[in-house]
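# Quick one: sequence plus predicted model below, questions after.
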Amino acid sequence: MKKYDDTSKASIIDFAKKLRGQTLREACGKEIEAHGIQGKGNFGQILEKYYFEYPINSKAEPDFPKVGIELKSSPLKVLKNDQVRAKERVVLSIIDYLKVHEEHFETSSFWQKNSHLLFVFYLHSKDEYLLDYLIKLVDDWEYSADDKRVIRHDWEIINQKIKDGKAHELSEGDTFYLGACTKGSTAMKSLRVQPFNDEKAKQRAYSLKPGYVNHIIAKIAQAETGVYGKLFEQPAVLCANLSIEEIVNLHFKPFYGMDVDNILKKLNVKPNKNAKNFLASLTKAILGFESNQEIEEFVKADVQVKTIRLQENTLPKESVSFPCFEYRSLIETDWEDSEFKSILESKFLFIFYQIEGKKLFLKEAKFWNMPNADILEAKQVWDVTVKNIKTGKIVKEVTKTKAGKKKRHTYFPKSKHNRISHVRPHAKNSHDTFDLPVADNKTGVTEYTKHCFWLNNRYVRDEICLK
DNA sequence: GCATGATCATGC
DNA sequence: GCATGATCATGC
């Protein structure tokens, strides 16, 4: 006898929710121990076969075809502060380059399969067997009207690129909530034919970006924290049917060419001009938010907002920093799963301010994402950094400044070594450190000042500002 | 004048 | 106390 009624949404969802607080081993009984299923899709496949008891398939129709629900299982990770986040993006269906360009969103195979999802989120642990992962959150998911609009727009951006014969240039950062992520074990194996260009393209799948998955998790856990502001809820743009990019442009364009004091006057706000986050506050104010508000759409899309001060010669005054890395976890993570790669694959919003005399003018706000070839070039910086840390090759020389302060010169890649990126300190001071997995060869120290990857200011000028 | 090492201000 | 988003300061 069936354990649930596969013609009833409520029955399926209720049956799924019984998984909460259990492991697969507990939920499926003894026969699961001899499951014999290998490979990467394991958790989801066992869930389908032994809990829901339907044959594993990769059909175009949803997993529960009679009610149009697609089952998705996905891992969670726990942060240092005990909060729960998505461990990775959620991968949806493969993009069929040869067919999708003939489709319309509402009737597309993507929307037919993925418009109503049923999520099973489990706690991932590298110390445990997957049958013993604890299932934390289970619920179904349908997109809000605003979210669906963004996702449709994303789907169309991906489609347009295929129609333009640029499937090989697709990249996660092209879109907001719905990404085109690579799919397949090795690059060579996953090369596919595209319809409007002889060049083969990497196989890709539609995916929900980690930021969007975190949004789903927070909703299901009913634990929406933080002070959010929504671009889509501001009076001026309500019902206007605009894309995120259009809304952002609408806010910034009236202030192009205006100096900062004037913008402050027009907006009637007074952020602390001496604070280092002054321009970040001003950017928020231009978008219509308080400086302590997170912009929900940007969080969901993993958009990296960066404000840049251009010198009179247009070279950014500073390079662009990212969060500092832990030496130990940096060398334990493959490039494919690395924080740095996922940052570089993000969509960026750059806001350029230009110094002229004693004044600062708003020049332009620009969405941007890094081309795949440049991500590979930046990987060299990551490679050298990982190798240095693994071999304890950190300190090259220690000198003293005139004031008698110690200055340590390192072997980390400098901005001259790579067109795109370099590694530099990012710490409170030189005593603000992380442990080294291998003691430094030269000095023997076992901890070192926190460092991070930076985007070279020249690269920002040449490839983002001036293009 | 720029590259690089060092550090700051804010908010949670 | 720390992450974030930055700027400062020195010396080549």
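Received the coordinates, thanks. Numbers count the residues shown, from 1 in each chain, chains lettered A, B, ... in the order given.
# ok, the residue nearest to residue A:392 when sequence neighbours are not counted - how many residues close by?
Setting aside the residues directly before and after it, residue A:392 is nearest to residue A:438 in space (CB to CB, 6 or more residues apart in numbering), at 3.9 Å. Where C-beta positions appear, they are placed from N, C-alpha and C, glycine not excepted. Residue A:438: 16 surrounding residues under other CB atoms under 10 Å.
# Isn't residue A:438 up against residue A:388?
No - Residue A:438 is beyond contact range of residue A:388, at 9.6 Å (criterion: CB atoms under 8 Å).
# Write out the residues of chain A neighbouring DNA strand C.
Residues of chain A lying close to DNA strand C (CB under 7 Å from any atom of the strand) are A:80, A:276-277, A:279-280, A:283, A:305-307, A:309, A:317-321, A:323-324, A:399, A:401-403, A:426, A:428.
# re earlier: could you check the pLDDT of the residue nearest to residue A:392?
With respect to pLDDT, residue A:438 scores 93.
# Confirm that it sits in a strand.
No - counting by DSSP: H, G, I helix; E, B strand; the rest coil, one finds residue A:438 to be coil, located in no strand.
# ok, now which ones touch it?
Contacts for residue A:438 (CB atoms under 8 Å, 6 or more residues apart in numbering) come out as A:389, A:390, A:391, A:392.
# Spatially nearest residue to the third one, not counting backbone neighbours?
Looking back up the chat, that one is residue A:391. Going by CB to CB, 6+ apart, residue A:391 has residue A:438 as its nearest residue, at 6.6 Å.
# what about the one you found, distance to DNA strand B?
19 Å (CB to the nearest atom of the strand, to the nearest Å).
# and what of residue A:108?
From residue A:108 to DNA strand B the distance is 40 Å (CB to the nearest atom of the strand).
# And the strands in the stretch 251-400 of chain A?
Along the stretch 251-400 of chain A, the segments classed as strands by DSSP state E, counting those that start in this stretch run A:294-295, A:304-310, A:320-321, A:348-356, A:359-368, A:395-400.
# Dump those into a markdown table; add mean pLDDT as well.
Below are the strands of the stretch 251-400 of chain A laid out as a markdown table (pLDDT from 0 to 100):
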| stretch | mean pLDDT |
| --- | --- |
| strand A:294-295 | 86 |
| strand A:304-310 | 91 |
| strand A:320-321 | 92 |
| strand A:348-356 | 91 |
| strand A:359-368 | 91 |
| strand A:395-400 | 88 |
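# Need those in JSON lines (columns: distance to residue A:270 and mean neighbour count).
Below are the strands of the stretch 251-400 of chain A laid out as JSON lines (distance: least, CB to CB, whole Å; neighbours: other CB atoms under 10 Å):
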{"stretch": "strand A:294-295", "distance to residue A:270": "21", "mean neighbour count": "18"}
{"stretch": "strand A:304-310", "distance to residue A:270": "18", "mean neighbour count": "19"}
{"stretch": "strand A:320-321", "distance to residue A:270": "27", "mean neighbour count": "17"}
{"stretch": "strand A:348-356", "distance to residue A:270": "18", "mean neighbour count": "19"}
{"stretch": "strand A:359-368", "distance to residue A:270": "16", "mean neighbour count": "18"}
{"stretch": "strand A:395-400", "distance to residue A:270": "43", "mean neighbour count": "11"}
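# wait, which of these is closest to residue A:247?
With CB to CB as the criterion, residue A:247 lies closest to strand A:294-295 of those, at 10.5 Å.
# ok, and what's touching that closest one?
Contact with strand A:294-295 is made by A:226, A:227, A:228, A:229, A:230, A:231, A:284, A:287, A:289, A:305, as judged by CB under 8 Å, 6+ apart.
# for these, which one is nearest DNA strand B?
Among those, residue A:227 lies closest to DNA strand B (CB to the nearest atom of the strand), at 6.2 Å.
# Show me which residues of the stretch 301-450 of chain A are close to DNA strand B?
Selection of the stretch 301-450 of chain A residues close to DNA strand B by CB under 7 Å from any atom of the strand yields A:311, A:313, A:315, A:319, A:405-410, A:412, A:414-416, A:422, A:424-430, A:432, A:449.
# Strands - which of these land there?
In this view, those that belong to strands under DSSP state E are A:406, A:407, A:408, A:409, A:410, A:422, A:424, A:425, A:449.
# And these, which is the shakiest by pLDDT?
residue A:406 (81).
# beta partners of that residue?
Listed by DSSP bridges, the beta-bridge partners for residue A:406 are residue A:400.
# Distance check, it against residue A:430.
7 Å (CB to CB, to the nearest Å).
# Looking at the two, which one has more neighbours?
Neighbour totals were compared for residue A:406 and residue A:430, and residue A:430 leads with 14 against 9 (other CB under 10 Å).
# who does the closest residue to that one other than its chain neighbours bridge with?
Using CB to CB, 6+ apart and skipping residues adjacent in sequence, the residue nearest residue A:430 is residue A:449, 5.0 Å away. Here residue A:449 sits in beta bridges with residue A:433, going by DSSP bridges.
# Am I right that residue A:449 is in contact with residue A:423?
No - between residue A:449 and residue A:423 there is no contact under CB under 8 Å: 11.4 Å.
# okay, those two: which has more neighbours?
Taking neighbours as other CB under 10 Å, residue A:449 and residue A:423 compare with residue A:423 leading, 23 against 20.
# Return the residues in contact with that one.
Taking CB under 8 Å, 6+ apart, we find residue A:423 in contact with A:381, A:385, A:410, A:412, A:413, A:414, A:451, A:452, A:453, A:454.
# Show me just the buried residues among those.
For the contacts of residue A:423, a burial check counting by 16 or more other CB atoms under 10 Å picks out A:381, A:385, A:410, A:412, A:413, A:451, A:452, A:453, A:454.
# which phi and psi does residue A:81 have?
Backbone geometry at residue A:81, expressed as degrees, to the nearest 10, gives phi -90, psi 20.
# That one: neighbour count?
Neighbours of residue A:81 using other CB under 10 Å come to 5.
# if we can go back for a sec, how about the strands of the stretch 251-400 of chain A in TSV, adding distance to residue A:203?
Converted to TSV, the strands of the stretch 251-400 of chain A look like this (distance: least, CB to CB, whole Å):
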stretch	distance to residue A:203
strand A:294-295	33
strand A:304-310	26
strand A:320-321	32
strand A:348-356	26
strand A:359-368	25
strand A:395-400	43
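# now the residue most central in space within chain A, nearest residue through space, not along the chain?
Centroid-nearest residue in chain A, with CA atoms, centre = their mean: residue A:302, separated by 4.5 Å. Nearest non-adjacent residue to residue A:302, counting by CB to CB, 6+ apart: residue A:211, 3.9 Å away.
# Which helix or strand lies directly C-terminal to the strand or helix carrying that neighbour?
Residue A:211 belongs to helix A:210-221 when elements are defined using DSSP states H and E. As assigned by DSSP H and E, the chain's next helix or strand after helix A:210-221 is strand A:228-229.
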